[in-house]
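Novice: Build me a model from this:
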Amino acid sequence: MATVVPQTDTSHIDADDMSLEIFCLIWLDANTSVEDNRDTEQKLRSIINRLKKFQDVEQCQKYLEESSEHKRFVVIVSGRLGREIVPSIHKLRQVISIYIYCWDKESNEEWTNNFSKVKAVIVQLDELISGIQDDHKIQKMVEEPLSINIFTTDMGSNKSTTGLNGQFVFSQVLIECLLRLKYYEVDKKELIRRCKKQYEDIYHQLKNFQAKDRLQLYRSQMISSDELITLKQCCGQFISVNSFFSTSTNKQKALSFLKGPHVTDNLKPILFKIVADPTVINAKPFADITQHSAFPNESEILFMLGSIFRLESVKRRRDGQVRIIRMVLSSDDEHDFKQVLMDMKEQLGGGETNLQTLGRLLSEMSKFDLAEKYFIRFLKQLSPDDPLLYDLYQDLGKLASQVNNFDKSMEWRQKAITLKQQNQSKSSESDNIYHQLKDFQAKDRLQLYRSQMISSDELINLEQCCGQFISVNSFFSTSTNEQKALSFLKRSHVTDNLKPILFEIIADPTVINTKPFADISQYSAFPNESEILFMLGSIFRLESVKRNSDDQVWIIRMVLSSDDEHDLKQVLMDMKEQLGGGETNLQTLGRLLSEMSRFDLAEKYFIRFLKQLSPDDPLLYDLYQDLGKLASQVNNLDKSMEWRQKAITLKKQNQSKSSESDTYSESSYIEHNIDARQ
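Specialist: Residues are numbered from 1 along each chain as shown. All right, here's what the predicted structure looks like:
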């Protein structure tokens, strides 16, 4: 009997492209690997570009359940496997239609009557393809996720740019940044590969063919109950649509698209009723694209992505379940966030933007992974002597700090410092940030500030620790400019669990044995910040924690402290003594981490050090011992015995037979552990 090897995915599109696809065909059949199906796959991909094939019910169900609810799946399944999987996946929001492709139509129609998402039971392949093609024309209109951001006017224009209104603002600025993005040859090639010449410049085309008359437009859609509730609560507010927005002048045509989708308690049909006036100044463009429409007599009007509408009302139609959402096209200048938008657009500057601009904007939006992706991509495009390189290293260093990757942050900042030194043709004995801070130690007593958002629990902990000492386990950036420090809080969203604080710090360089701090304003990412950077591990005495009477900001007063001032001095001295004098290595670091019960990190650095040593290195024996001890600490006795045996073997090789007495105790240790395990 032949064994069928399950196929989980035979799509030709890479993983990066996949994330751009909203609709996807899923084909579940024990025989989908047959060569004759290649022609069928091509026909199906001409309807929905992405196709994934499965032969195993559990794998297919797992994939569907773990996919985002913003994805939309059309499922083709055989009659036998359909009986197994349809009851489990029918309730999933992301599954919008199911087709049973089988030999026995009559018997499969009986059990499918209970599942409304099963569109048809089909025997003929041509009928399957034409059915999916016809249904998908409508699905593209009403099943595509509604991508919007809402601006709430009663929050005030000075509220956080990371909350509800912040997403509205960022979506607008992000679109402008993308439209002005400077492209390189590699970007052009990728765009051609991704888009396959389907689009050129939609924004400029919409602008060139801007509609001339005031229009009454319609768009039908299925949305979740939660989305409907949100819209009801936001009447009178502004909506930014984060995709190209297709509408029709034909109300009945728009309503006809709702006849196919399945209405449930959690899925509601709506009809957008939109007034669009081209005389509104500074609104996104919209144009008649009927000649390109997939539907005859649709009279399709397409809005540019990022179009802003004022939500007038949400009401149920008298004759049915359809909710009518009335909206009016709005100017970008009409709402209270105009000033914030202007400020953020000003940060973009005039003319073209580049991937560094995009990365900075994504970082502001807390999209750190995407920001890093575009920074690194831009880095690959720059030559070693490009003047933008220094700022890009700084951006990458700042980004790494934001995600608490301080090792990486130091690495990028060190690159920036090294580059600056090379460009200024200055020699320096300083080879790392510690020595540079020490070399450029501030000379005067300073009053410094740093704003930050912390959790309520962290704030309570600080309140309880007044009079105690705090060690800051990262490089600590501060400013001599109080207003500049406070300005960073304006983009933060205050909640019950997230509080704004302002550190007020006194730092006196005459205090003996403190960590160094220095003015690094020339390297700062912000103009006029007057940035003072403290070495990681700096110790402060926490003086007081009080709430500012004028606003919600908590003031944390601290004083830079000597390493000798607190009760831990002796403990620190003892541990530093264990490190020994001179340079340390990864083995020393591993031992210290092991003492701190950071066993995973300790093992990481021990193994890394092991790879650096030659087979005859005198440090090898002690390193094997350290690894054996570490494995014992985490109760991995097998691994512990393996490392200790390596130590014994090495010692035997390096010593004469007279050392047998030394190895006896090690052998006894192993025998004891073997006995214990038995």
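Novice: Mind telling me what element Gly321 is part of?
Specialist: Careful, residue 321 is Gln; it's not Gly. Per DSSP states H and E: Gln321 is located in neither a helix nor a strand.
Novice: er, Thr247 actually
Specialist: strand 245-248.
Novice: Go through the helix or strand just after that strand and flag the buried ones.
Specialist: Beyond strand 245-248 on the C-terminal side, the first helix or strand identified by DSSP H and E is helix 251-256. Neighbour-count burial for helix 251-256, counted by 16 or more other Cβ atoms under 10 Å, picks out Lys253, Ala254, Leu255, Ser256. Every C-beta, even on glycine, is put in place using the N, C-alpha and C of the backbone.
Novice: Which secondary structure elements does the strand holding Thr247 sit against?
Specialist: strand 215-224, strand 300-303 (3 or more Cβ pairs under 8 Å, 6 or more residues apart in numbering; DSSP states H and E).
Novice: hey, which helix or strand in the chain has the poorest pLDDT?
Specialist: Ranked by mean pLDDT, DSSP states H and E, the weakest helix or strand in the chain is helix 15-18, scoring a mean of 40.
Novice: Where does pLDDT dip in the stretch 101-250 of the chain?
Specialist: For the stretch 101-250 of the chain, the stretches with pLDDT under 70 are 138-201.
Novice: If you could redo that for the stretch 401-550 of the chain, that was the one I meant.
Specialist: Low-confidence segments of the stretch 401-550 of the chain, defined by pLDDT under 70: 423-432, 491-495, 525-527.
Novice: run the last query once more with 50
Specialist: 425-431 (pLDDT under 50).
Novice: can you list the domains in the chain?
Specialist: Per automatic domain parsing, the structural domains of the chain span 15-140, 148-340, 351-424, 435-566, 571-677.
Novice: So for the buried residues of helix 251-256, which is the shakiest by pLDDT?
Specialist: The lowest pLDDT within these belongs to Ser256, with 85.
Novice: Spit out the contact partners of Asp29.
Specialist: Taking Cβ atoms under 8 Å, 6 or more residues apart in numbering as the criterion, Asp29 is in contact with Lys53, Gln55, Ile76, Val77, Ser78, Leu81, Tyr101.
Novice: Can you verify my assumption that the fourth one contacts Ser97?
Specialist: No: contact status for Val77 versus Ser97: not in contact, 11.3 Å apart, counting by Cβ atoms under 8 Å.
Novice: Compute the distance between Ala507 and Gln447, please.
Specialist: Counting by Cβ to Cβ, to the nearest Å, the gap between Ala507 and Gln447 amounts to 8 Å.
Novice: Any idea what Ile470 is bridged to?
Specialist: Here Ile470 sits in beta bridges with Phe540, going by DSSP bridges.
Novice: what about it, how many neighbours?
Specialist: 15 (other Cβ atoms under 10 Å).
Novice: Go ahead and confirm it touches Phe540.
Specialist: Yes: when contacts are counted by Cβ under 8 Å, Ile470 is listed as touching Phe540 (4.9 Å).
Novice: which residues are in contact with both of those two?
Specialist: Taking Cβ under 8 Å, 6+ apart as the contact definition, Ile470 and Phe540 share the neighbouring residues Met558.
Novice: pLDDT value on Lys259, please?
Specialist: pLDDT for Lys259: 75.
Novice: Where does it fall, secondary structure wise?
Specialist: Under the criterion of DSSP H and E, Lys259 resides outside all helices and strands.
Novice: That one: neighbour count?
Specialist: The burial metric for Lys259, expressed as a neighbour count using other Cβ under 10 Å, is 10.
Novice: How about Pro296?
Specialist: When counting by other Cβ under 10 Å, one arrives at 7 neighbours for Pro296.
Novice: do Thr249 as well
Specialist: A count of neighbours around Thr249, defined by other Cβ under 10 Å, yields 17.
Novice: Quick check: it vs Ala211, distance?
Specialist: Taking Cβ to Cβ, one finds Thr249 at 10 Å from Ala211.
Novice: How about Asn636?
Specialist: Taking Cβ to Cβ as the criterion, Asn636 is separated from Ala211 by 71 Å.
Novice: Also Ser97?
Specialist: Distance of Ser97 to Ala211, computed by Cβ to Cβ: 33 Å.
Novice: Same check on Thr480?
Specialist: The span separating Thr480 from Ala211 equals 54 Å under the rule Cβ to Cβ.
Novice: and what of Glu529?
Specialist: Distance check for Glu529 against Ala211: by Cβ to Cβ, it reads 47 Å.
Novice: on that earlier part again, who has more neighbours, Ala507 and Gln447?
Specialist: For Ala507 against Gln447, the residue with the higher neighbour count under other Cβ under 10 Å is Ala507, and the figures read 21 against 11.
Novice: Please list all residues in contact with the more buried one.
Specialist: Counting by Cβ under 8 Å, 6+ apart, the residues that Ala507 touches are Ala442, Arg445, Leu446, Leu448, Phe517, Ile532, Phe534, Val559, Leu560.
Novice: mean confidence score for the helix or strand harbouring Gln653?
Specialist: Using DSSP H and E, Gln653 sits within helix 637-654. Mean pLDDT, computed over helix 637-654, is 88.
Novice: Which elements pack onto it?
Specialist: Helix 637-654 sits against helix 620-633, helix 660-677, with contacts defined as 3+ Cβ pairs under 8 Å, 6+ apart.
Novice: For those helices, which has the smallest mean pLDDT value?
Specialist: Ranked by mean pLDDT, the helices and strands packed on helix 637-654 end with helix 660-677 in last place, scoring a mean of 53.
Novice: what's the burial count for Gly397?
Specialist: That count, for Gly397 with other Cβ under 10 Å as the rule, works out to 25.
Novice: So it sits against Asp407, correct?
Specialist: No: in this structure, Gly397 is not within contact of Asp407 by Cβ under 8 Å, at 11.1 Å.
Novice: Which helix or which strand is home to the closest residue to Leu396 other than its chain neighbours?
Specialist: If the residues on either side of it in the chain are set aside, Leu396 comes closest to Trp412, at 4.2 Å by Cβ to Cβ, 6 or more residues apart in numbering. Element membership for Trp412, per DSSP H and E: helix 406-423.
Novice: and the helix or strand that that helix is followed by, C-alpha only, in CSV?
Specialist: Tracing the chain past helix 406-423, the next element assigned as helix or strand by DSSP H and E is helix 433-439. Written as CSV, here are the backbone C-alpha positions of helix 433-439 (Å, rounded to 0.1, in the frame of the first residue of the first chain):
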residue,chain,number,x,y,z
ILE,A,433,31.5,53.6,25.7
TYR,A,434,32.7,53.2,29.3
HIS,A,435,36.1,54.7,28.7
GLN,A,436,34.6,57.4,26.5
LEU,A,437,32.2,58.5,29.2
LYS,A,438,35.1,58.5,31.6
ASP,A,439,37.3,60.5,29.3
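Novice: contacting residues for Asp508?
Specialist: For Asp508, the contacting residues are Arg445, Leu560, taking Cβ under 8 Å, 6+ apart as the criterion.
Novice: Regarding it, what are the backbone dihedral angles?
Specialist: In this entry, Asp508 is assigned phi and psi values of phi -110, psi 120 (degrees, to the nearest 10).
Novice: Looking at the contacts of Ala507, which are in helices?
Specialist: Per DSSP state H, helices hold no members of these.
Novice: Which among the residues you listed count as buried?
Specialist: Ala442, Leu446, Leu448, Phe517, Ile532, Phe534, Leu560.
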